[in-house]
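> I need the structure of the sequence given here:
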Amino acid sequence: MIDHQEILEILGEAMEISSANLTEETVLENLGDVWDSLAILSIISIIDSYADRAIPVNYIVESKTIKDLINLICVNDKVRI
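Predicted coordinates for the structure are as follows:
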């Protein structure tokens, strides 16, 4: 199982920024170039890996905050927040 801090680190890695710069309230749009198509592809891969199911891409693209992404990842018992 992974915890909250590990999820932030994984998301930070996917977007190539420090997890210290991320909180649940971080607005993805405010991340500028960091929240790009490559980051979205990385997030898709992470969610597929941790959620054990495919999430429609539009759910990821329509996410507004880090918390929205965390909610997509935390869909089973492998992740504990």
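
> what about Leu69, which SS state?
Secondary structure assignment for Leu69 (DSSP: H, G, I helix; E, B strand; the rest coil): helix.

> That one: what's it in contact with?
Counting by CB atoms under 8 Å, 6 or more residues apart in numbering, Leu69 touches Leu11, Leu28, Ile43, Ile47, Ile60, Ser63. Every residue, glycine included, has its C-beta placed from N, CA and C.

> Please list all residues in contact with the fourth one.
Which is Ile47. Neighbours of Ile47 in contact, by CB under 8 Å, 6+ apart: Ile55, Ile60, Leu69, Leu72, Ile73.

> If we ignore the residues flanking it in sequence, what's nearest it?
Nearest residue to Ile47, sequence neighbours excluded (CB to CB, 6 or more residues apart in numbering): Ile55, at 4.9 Å.

> for the second one, same thing?
Nearest non-adjacent residue to Leu28, counting by CB to CB, 6+ apart: Trp35, 4.6 Å away.

> Quick one: the strands in this structure, in order.
Remark: no strands are assigned in the chain by DSSP state E.

> low pLDDT regions in it?
1-2, 51, 75-81 (pLDDT under 70).

> So which residue is dead centre in it?
Most central in the chain under CA atoms, centre = their mean is Leu69, positioned 4.1 Å from the mean C-alpha point.

> Against Tyr59, how distant is it?
10 Å (CB to CB, to the nearest Å).

> cool, and Glu9?
Using CB to CB, Glu9 is found at 22 Å from Tyr59.

> who wins for neighbours among the contacts of Leu69?
Counting neighbours by other CB atoms under 10 Å, Ile43 comes out on top of the contacts of Leu69 with 24 neighbours.

> what's near enough to touch that residue?
Ile43 touches Leu11, Ala14, Ile60, Leu69, counting by CB under 8 Å, 6+ apart.

> Pull out the buried residues from the helix ranked longest in the chain.
Longest helix in the chain, counting residues (DSSP state H): helix 37-51. Buried positions in helix 37-51, judged by neighbour count with 16 or more other CB atoms under 10 Å: Ala39, Ile40, Ser42, Ile43, Ile44, Ile46, Ile47, Tyr50, Ala51.

> And for stretch 53-60?
Ile55, Ile60.
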